[in-house]
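Colleague: Here's a sequence, model it:
(one chain, ligands or ions: 1)
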Amino acid sequence: MKKLISALVLAAVALAAQAGTSFKLLSVGDDVDAAALRDYMQEQGGVAVELGGAYAPADPAAALDAIGRAAVADTADDGTYAVILYGRFGTDRPQGVCLPAERFAILNLDRLESAGDPAKVGRRAGQEGLRVMSMLLDMPMCPFPLCVLVGYQKTEDLDRMSGNFCPPCHEQFLKTAADKGLTLLPAPAAD
Ligand SMILES: [Zn+2]
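Modeller: Have a look, this model is predicted:
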């Protein structure tokens, strides 16, 4: 019995050590499939992404960086590493803003859309999610063409790019996330 208790105590200590911060995903407006994005970012990234729910900016017409800054002030807590907002902010506004020092990224689905193809905007939004998580961890872009972190010129370029990290970038992503205190998810069982 004593042995079992020691094992349980060890397990509890291990769990406590694993609990860290996470990315918090917020959606502005009801046209964001936040759960699908969260699942994609967790599966491909391997770090915890918390669903933060809907966020209504006090001033929806404000610049994207102002909205992001306000969202951090309104929603971030001790468990938040950085906030990632998805929303439709109009085609006349930037595709996104990512400010690692201010712990947020904000992505504009209207600019990620192409000819009203929802499948494309969903994949692109997932790719951009991985890219901003990496930027928020201060990781560099990747020179390898088969990596989601390669540089690109225009939105359509995302469609012929990879939807995930190359192996060295993923390793670096997990290591950097762990160093910065983010909660890592258990690796999926190999089949
Ligand atoms: Zn890479």
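
Colleague: Relative to residue 145, how far out is residue 107?
Modeller: For residue 107, the distance to residue 145 equals 23 Å [Cβ to Cβ, to the nearest Å]. Quick note: C-beta positions are derived from backbone N, CA and C, even for glycine.

Colleague: And for residue 136?
Modeller: 23 Å.

Colleague: Comparing the two, which residue is more hemmed in?
Modeller: Ranked by neighbour count (other Cβ atoms under 10 Å), residue 136 and residue 145 place residue 136 first, with 24 against 10.

Colleague: right, and the more buried one touches residue 100 too?
Modeller: Yes: assessed by Cβ atoms under 8 Å, residue 136 is found in contact with residue 100 at 5.0 Å.

Colleague: Mutual contacts of the two, please.
Modeller: Residues touching both residue 136 and residue 100 by Cβ atoms under 8 Å, 6 or more residues apart in numbering: residue 82.

Colleague: can you map out the strands along the chain?
Modeller: 22-28, 49-54, 80-87, 96-99, 104-108 (DSSP state E).

Colleague: where does this protein come near the ion, residue by residue?
Modeller: 142, 144, 147, 149, 166, 169 (Cβ under 5 Å from the ion).

Colleague: Now list the buried members of those residues.
Modeller: 142, 147, 149, 166, 169 (16 or more other Cβ atoms under 10 Å).

Colleague: give me the low-pLDDT residue ranges for the protein?
Modeller: Judged by pLDDT under 70, the chain has its weakly predicted residues at 1-19, 115-116, 190-191.

Colleague: which residue ranges form the helices in it?
Modeller: Secondary structure of the chain by DSSP state H: the helices cover 2-18, 34-45, 64-75, 109-112, 118-136, 167-179.

Colleague: just the buried ones among the residues of the chain next to the ion now: which is nearest residue 57?
Modeller: residue 149 (28.9 Å; Cβ to Cβ).
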